[in-house]
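Q: Predicted model follows, preceded by the sequence.
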Amino acid sequence: MQQYQTLLTEARFDEWIELWADDGVCEFPFASPERPRVLQGKEQILAYMTDYPSRISIDGVDELRVHPALDPNVVVVEMTIRGRAVETNKTYNQQYVIVAEARDGKLAHYREYWNPLVSAEALS
């Protein structure tokens, strides 16, 4: 997860997408209605995530705590990022809880939970 976050924060998308299984699933259960809630496959995931730097500028990750699960292929991650919304220049300090599952050494299923009110405030 540390490598995942480092590559994503540094926008090293060609390396980052290689962490994913070809049929990986990325979910955002609290996404606003105009944003996708489920991305399937590396192509969809990459297309969506390469757009985030135009919306959010990440200054740093203040906390990253990884909690192994009973299933050795699953981790729960708590993370706080510090940044700003590009269009509004408003502060974007967001806490996340992530549930990630690996299969054959690749990220197979990723679910990211965050406070939609923080996002709405920063982006509007």
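A: Nice, I can see it. Values in this document were obtained by computation on a predicted structure and should not be read as measured data.
Q: would Lys42 count as being in a helix?
A: Yes. Under DSSP: H, G, I helix; E, B strand; the rest coil, Lys42 sits within a helix.
Q: Could you report the pLDDT at it?
A: Looking at Lys42, its pLDDT reads 97.
Q: And the helices in the chain?
A: In the chain, the helices defined using DSSP state H lie at 2-9, 13-16, 41-49, 116-123.
Q: Output these in JSON lines; the columns should cover mean neighbour count and distance to Tyr92.
A: From N, CA and C alone the C-beta is placed, and that goes for glycine too. Formatted as JSON lines, the helices of the chain follow (neighbours: other C-beta atoms under 10 Å; distance: least, C-beta to C-beta, whole Å):
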{"stretch": "helix 2-9", "mean neighbour count": "15", "distance to Tyr92": "13"}
{"stretch": "helix 13-16", "mean neighbour count": "15", "distance to Tyr92": "20"}
{"stretch": "helix 41-49", "mean neighbour count": "15", "distance to Tyr92": "16"}
{"stretch": "helix 116-123", "mean neighbour count": "15", "distance to Tyr92": "4"}
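Q: Can you tell me which of those helices is nearest to Arg65?
A: Among those, the nearest to Arg65 by C-beta to C-beta is helix 2-9 (11.0 Å).
Q: spatially speaking, which residue is in the middle of this structure?
A: Closest residue to the average C-alpha location of the chain: Glu112 at 6.2 Å, with C-alpha atoms, centre = their mean.
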